[in-house]
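# please work out how this folds:
(4 chains)
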There are 2 protein chains.
Amino acid sequence: MPRVTLQTIADRVGVSRMTVSNAFSRPDQLSPTLRRRILDAAQELGYAGPDPTARALAKGTTGTIGILLTDSLRYAFTDLVAGDFLAAIAEELAPTGLSITLLTSTGSGDLIPARDVAMDGALIYSCDPTSPAVAWLQRRRLPLVFVDQDPIAGYPSVNVADREGARATAQHLLDQGHERFAYAIAGSHGPHGLVTDPSALLEGYASTQRRLGWADVLAPAGIHPPTIREPFERVDAIRADARELLATPDRPTAVLCFSDVTAVGVYQAAEDLGLRIPDDLSVTGFDDGPVASQLRPCLTTVRQDVEAKGRAAATALRSALQGGQTTATRTLLPTTLVIRESTGPAPGPV
Amino acid sequence: MPRVTLQTIADRVGVSRMTVSNAFSRPDQLSPTLRRRILDAAQELGYAGPDPTARALAKGTTGTIGILLTDSLRYAFTDLVAGDFLAAIAEELAPTGLSITLLTSTGSGDLIPARDVAMDGALIYSCDPTSPAVAWLQRRRLPLVFVDQDPIAGYPSVNVADREGARATAQHLLDQGHERFAYAIAGSHGPHGLVTDPSALLEGYASTQRRLGWADVLAPAGIHPPTIREPFERVDAIRADARELLATPDRPTAVLCFSDVTAVGVYQAAEDLGLRIPDDLSVTGFDDGPVASQLRPCLTTVRQDVEAKGRAAATALRSALQGGQTTATRTLLPTTLVIRESTGPAPGPV
DNA sequence: CGGATCTACTGTACCGGTACAGAGATGGTG
DNA sequence: CACCATCTCTGTACCGGTACAGTAGATCCG
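Residues are numbered from 1 along each chain as shown, chains lettered A, B, ... in the order given. All right, here's what the predicted structure looks like:
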């Protein structure tokens, strides 16, 4: 059975193909009665409407935008902070009817999503800016918005004040008299475990900014904390590293964590060692996601408004799609320190 | 500046358009040296490779599959069980290079994703089978796989043994001497709060199956528990409902919950009322997601292998895409009761 | 040395729509 | 009644690729 196309219907009804097209796409271009007849014939023939691909080619728009995510999509679906961000985008985009296609940086095989998937534009979320996927998207001259990345000239970007937020946590702990610190960072590429040479770290934007923020405050005080570092999802690895670090005699009294989830690993290590938070150990997180208030004691952390970030990103992309030749705007969302129960004065000498 | 197409490059190099196409898509069809010249010219002209839309039209495949989700995408990104399922799909699909487009059932405006987005096939996950979106996908004669839904003739499906799992929980509690039960269900459509007439419930597949499973065991014992019911994300509403229900003198001693997350609300209500789990109250969940083992006491629940479900769904769709006209297979994954600490013997009369 | 096979490239006909200019018919107007 | 505007509908030329059947020349082979 040959496929049903506009022509099939046109022949059946005895009109031109163009008129059938109009019946579906521009109802005001033909009389209601004829349109009715055409639609009925289409119904009868089992026509599902103009083929999206053909339409996309002819019109030049697909009705789809891409979201380029770091490595695995697992992160997008599993991390609650990323999830909230993506959910906000989806909700902001819903009224426009645009759909979302998830793109991975790593094109396995000869299919490279960033190069081979049809889309009208893309959001690039916390990716390695030198990745081939990003290059492909740029090459295609698609409207792009960069989120949680170093802004790139000519493209709109959305960021949060990571560095400022990180400074606030460090300052808060310094004010409480802490002198022995540690950093706990999540990051996929580069060395893992206890890292002594910070220059060896190959980090994403957020990691870098937050670490810089901590250092802004601590370095002037002559403090250069050791760093533990594991992949995002490896809370257990953070736990093990932290346990090792906290078992030393001159252990840190304050651990600055890259995220709330990272802090979970440190909490566990503290529990393993019988250290009380915040009496023996102060811990800070970042993001103020759901876990921050679920942890006991509640986590002192830096709040960023992920929903707002998502909405801003979606809005920026939408206006870029409309050819809004307004100069690429750079959005910077504020962060605020949320002091809860996981931080306190440095423990006095025993 | 006119757009760079195959023709642009063909003119530049002095070959036919077809040869340029071959240079990109069928390298074995031309001499390496000419191919090199063509690729160089393309590079120089800033050509990003064959236009995905045009290619899709000509080849008849898009390299994208859709996933149709209930209402909001928020659920997909926020619920950990759904997230694990989707992540497994993504990982199973990654080697094939297929990308994932997220589709909402509710087409707002005149753009209906299920009708207007180009794709090679779709996964339908826990949707209302009568929704227009499902009808559109069928109309388009796309390869489809139904997951967590009533199987539809002619289409492959993947399900878990919801009903059997639910039976196991009810039986487990019955064996422990419980006589006063309650159900706690999550569901978006239909009545909320305390529901007395179970026939009034407009439920999804999973809700229905699980409730039927409970009833399979309890009804023969003459037990017809009251039901509380709130939307998926409204843990707070479950908490409020449960508190009300558990405050009555002849309160239930066992609450059967639709999911682990629903159980969280019941845990909170118990804490609010000073009821101890499992001494005063037994609670069961469903899914055995991350929260089940995070809750204190650890939750007795029904384990389903969401990862396996995701892999099975992806595999089924992939084989459907390859025109595998093998009769539509119906996959049923097992569930197992995981007894932890949230269930115990019925409290004796005080 | 004639014919078969291969390699490297080309020409044409699609894929299934939409844009846009125009052609009749219709109707209102001065 | 001539004239112009409006309403419907049509024809053609794309959109940017790919499939497939050639063709011309080089190579092989007995």
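# smallest gap between the stretch 251-350 of chain A and DNA strand D, at which residue?
residue A:323 (15.9 Å; C-beta to the nearest atom of the strand). Quick note: C-beta positions are derived from backbone N, CA and C, even for glycine.
# pLDDT at that residue, what is it?
As predicted, residue A:323 sits at a pLDDT of 75.
# quick check: which element contains it?
When elements are assigned from DSSP states H and E, residue A:323 belongs to no helix and no strand.
# pull the contacting residues for residue A:231.
Residue A:231 makes contact with A:186, A:187, A:188, A:192, A:237 under the criterion C-beta atoms under 8 Å, 6 or more residues apart in numbering or on different chains.
# how near is the fourth one to DNA strand C?
Separation of residue A:192 from DNA strand C (C-beta to the nearest atom of the strand, to the nearest Å): 48 Å.
# you'd agree that residue is up against residue A:238?
No - Residue A:192 is beyond contact range of residue A:238, at 10.0 Å (criterion: C-beta atoms under 8 Å).
# who touches both of those two?
By C-beta under 8 Å, 6+ apart, the residues touching both residue A:192 and residue A:238 are residue A:230.
# show me which of the two is the more surrounded one.
Taking other C-beta atoms under 10 Å in any protein chain shown, residue A:192 and residue A:238 do not tie; residue A:238 has more neighbours (30 against 17).
# tell me the secondary structure for the more buried one?
Put simply, residue A:238 is helix when judged by DSSP: H, G, I helix; E, B strand; the rest coil.
# name the element the nearest residue to it once chain neighbours are set aside belongs to?
Sequence neighbours aside, residue A:265 is the residue nearest to residue A:238 in space, at 2.9 Å (criterion: C-beta to C-beta, 6 or more residues apart in numbering or on different chains). Take DSSP H and E as the rule and residue A:265 turns out to sit in helix A:260-273.
# run the chain-centre distance for that helix.
Centroid separation for helix A:260-273 versus its chain: 24 Å, with C-alpha atoms, centre = their mean, to the nearest Å.
# contact partners for the closest residue to chain B within the stretch 101-250 of chain A?
At 2.7 Å from chain B, residue A:111 is the closest residue in the stretch 101-250 of chain A, using C-beta to the nearest C-beta. Residue A:111 sits next to B:63, B:96, B:97, B:98 when contact means C-beta under 8 Å, 6+ apart.
# just the residues you listed now: which is nearest residue B:90?
Within the contacts of residue A:111, distances to residue B:90 taken as C-beta to C-beta reach their minimum at residue B:98, with 9.5 Å.
# count of residues packed around the closest one?
Residue B:98: 25 neighbours (other C-beta under 10 Å).
# you'd agree it is up against residue B:63?
Yes - Residue B:98 is within contact range of residue B:63, at 6.1 Å (criterion: C-beta under 8 Å).
# pLDDT score assigned to residue A:115?
As predicted, residue A:115 sits at a pLDDT of 96.
# so which elements touch the helix or strand hosting it?
Following DSSP H and E, the helix or strand that holds residue A:115 is helix A:113-116. Using 3 or more C-beta pairs under 8 Å, 6 or more residues apart in numbering or on different chains; DSSP states H and E as the contact test, the elements touching helix A:113-116 are strand A:64-69, strand A:99-104, helix A:132-139, helix B:52-59.
# for residue A:276, what are phi and psi?
Backbone geometry at residue A:276, expressed as degrees, to the nearest 10, gives phi -90, psi 140.
# next: residue A:153.
phi -50, psi 130.
# burial of residue A:130, as a residue count?
7.
# ok, residue A:259 next?
25.
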